[in-house]
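Student: show me how the following folds:
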Amino acid sequence: MPNILIAGELHPSGLEIIKQNPKYTIDYLKEVSNENFLPYLKNADALIIRTQTLKKNHIEKAKKLKIVSRHGVGYDNVDYQELKKRNIPLTIVGDVNSTSVSEHTMMLIISVFKKIILADFSTRNSLWNYRNNYEPRELYGKNLLIIGFGRIGKKLGKLAKAFGMNIHVYDPYIENKFDEYEIRYFQNLTTALCNADCISLNLPKVDKPIITKENSQYLKHGVVIINTARGELIEEKVLQDGIQKGVISGVGLDVFDSEPVEKNHFLFKYKQVIFTPHQAGLSQEAAQRMSIKSINNILDYYDGSLDASLIVNGVKI
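Tutor: Sure thing, here's the model as predicted:
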């Protein structure tokens with residue numbers, strides 16, 4: 001009877017599926033650390049993993065492990081090459097959270113432009129005259145540069161277009177063919193940055209930052225920067241310098257170089273920045289879909305019906 005180790009809290013919908021299946025036993029760890037994780041790992045035939053790291057030394061201890069199912073679409077926390085060496089497939093959940101992330105990104109864009117945090121603070125503290133500062137800005141007619149035009153980027157483009165924003169795209173891995181709505185495609189990142197009133201980062205993990213000290217000199221004055229993808233896509237000092245110089249008028253961050261964020265993060269002192277705790281893809285609906293799919297990937301593996309397109313480390317089954 002295969003044993004499934006669930007490392008991290010899952011939505012009850014997925015758990016209900018596996019609990020009703022008598023073919024499997026479960027070890028469920030809501031709170032995960034290396035200390036409580038490893039003793040269970042050695043007995044696991046299958047692993048569902050959220051944010052816990054899975055390193056080479058962990059995998060070496062998992063002698064029975066046959067499949068790892070990532071609860072999400074990224075797998076930065078997993079040594080997928082070591083899994084490949086051992087012919088252990090690593091699966092992701094596919095397109096289950098692009099709606100949630102694109103909506104969250106649009107929310108941050110609106111919130112930063114409209115100064116929502118400051119408006120809320122002023123109202124709660126009877127600072128009614130704050131409204132006479134005329135700080136909110138309109139989205140209509142502003143140029144939104146979407147860096148990374150995959151599923152999330154495309155959905156974000158549709159949402160922003162509904163607000164009358166001009167959609168600009170930089171993505172060297174796609175063709176300049178868009179039929180759904182008017183889009184301006186840039187082949188040169190520097191040119192794209194010069195024209196952007198707002199920049200949204202919607203890329204997977206990359207080898208080096210996209211926005212750096214070197215190319216930040218091309219940022220348009222008053223630009224807004226939103227990152228709901230990966231913390232390392234932008235050098236955080238660029239944000240600090242840009243805010244201090246007035247080049248960057250606002251920032252929305254859901255991801256960071258190091259998570260959880262330290263209590264005294266240097267960006268906390270800036271009222272122009274809105275923070276969320278890496279929750280863009282964690283709506284109620286997306287959490288339910290991720291839970292169900294991560295469980296089903298395990299069951300499909302044992303049933304011989306696993307979707308090969310969800311295996312990300314090249315293992316053939």
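Student: do a quick rundown of the strands in the chain.
Tutor: Secondary structure of the chain, counting by DSSP state E: strands at 3-7, 25-29, 46-49, 67-70, 90-91, 143-147, 166-170, 183-185, 198-201, 223-227, 248-253, 273-275.
Student: what would those strands look like in TSV with mean neighbour count, distance to Lys237 and mean pLDDT?
Tutor: From N, CA and C alone the C-beta is placed, and that goes for glycine too. Below are the strands of the chain laid out as TSV (neighbours: other C-beta atoms under 10 Å; distance: least, C-beta to C-beta, whole Å; pLDDT from 0 to 100):
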stretch	mean neighbour count	distance to Lys237	mean pLDDT
strand 3-7	23	34	96
strand 25-29	15	37	94
strand 46-49	26	32	96
strand 67-70	26	31	97
strand 90-91	27	34	97
strand 143-147	24	19	98
strand 166-170	22	22	97
strand 183-185	16	30	93
strand 198-201	26	16	98
strand 223-227	26	13	98
strand 248-253	24	12	98
strand 273-275	18	14	97
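Student: so which of these comes closest to Lys263?
Tutor: Ranking those by their distance to Lys263 (criterion: C-beta to C-beta) puts strand 273-275 first, at 12.3 Å.
Student: figure out how far stretch 38-49 is from the centre of its chain.
Tutor: Centroid separation for stretch 38-49 versus its chain: 25 Å, with C-alpha atoms, centre = their mean, to the nearest Å.
Student: count the neighbours of Val32 for me.
Tutor: A count of nearby residues for Val32, using other C-beta atoms under 10 Å, gives 19.
Student: no, scratch that, I was asking about Ile92
Tutor: Neighbour count for Ile92, taken as other C-beta under 10 Å: 22.
Student: against Gln279, how distant is it?
Tutor: 19 Å (C-beta to C-beta, to the nearest Å).
Student: before we move on, the earlier item: now distance to Glu135 too, for the strands of the chain, in TSV please.
Tutor: TSV is the format used below for these (distance: least, C-beta to C-beta, whole Å):
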stretch	distance to Glu135
strand 3-7	44
strand 25-29	46
strand 46-49	43
strand 67-70	41
strand 90-91	46
strand 143-147	20
strand 166-170	22
strand 183-185	28
strand 198-201	16
strand 223-227	13
strand 248-253	10
strand 273-275	14
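Student: center of this structure, which residue is that?
Tutor: Ala229 (4.0 Å; C-alpha atoms, centre = their mean).
Student: residue contacts, Asn34?
Tutor: For Asn34, the contacting residues are His58, by C-beta atoms under 8 Å, 6 or more residues apart in numbering.
Student: per-residue pLDDT of the closest residue to Lys64 other than its chain neighbours, please?
Tutor: Once flanking residues are discounted, Lys64 sits nearest to Asp45: 5.2 Å by C-beta to C-beta, 6 or more residues apart in numbering. Per-residue pLDDT puts Asp45 at 97.
Student: quick check, Asp45 in contact with Ala62.
Tutor: No - using C-beta atoms under 8 Å, Asp45 is not in contact with Ala62, being 9.3 Å away.
Student: helices of this structure, residue ranges please.
Tutor: Listed in chain order, the helices of the chain (DSSP state H) span 12-19, 34-41, 56-61, 80-85, 98-113, 116-124, 151-162, 189-195, 236-245, 284-303.
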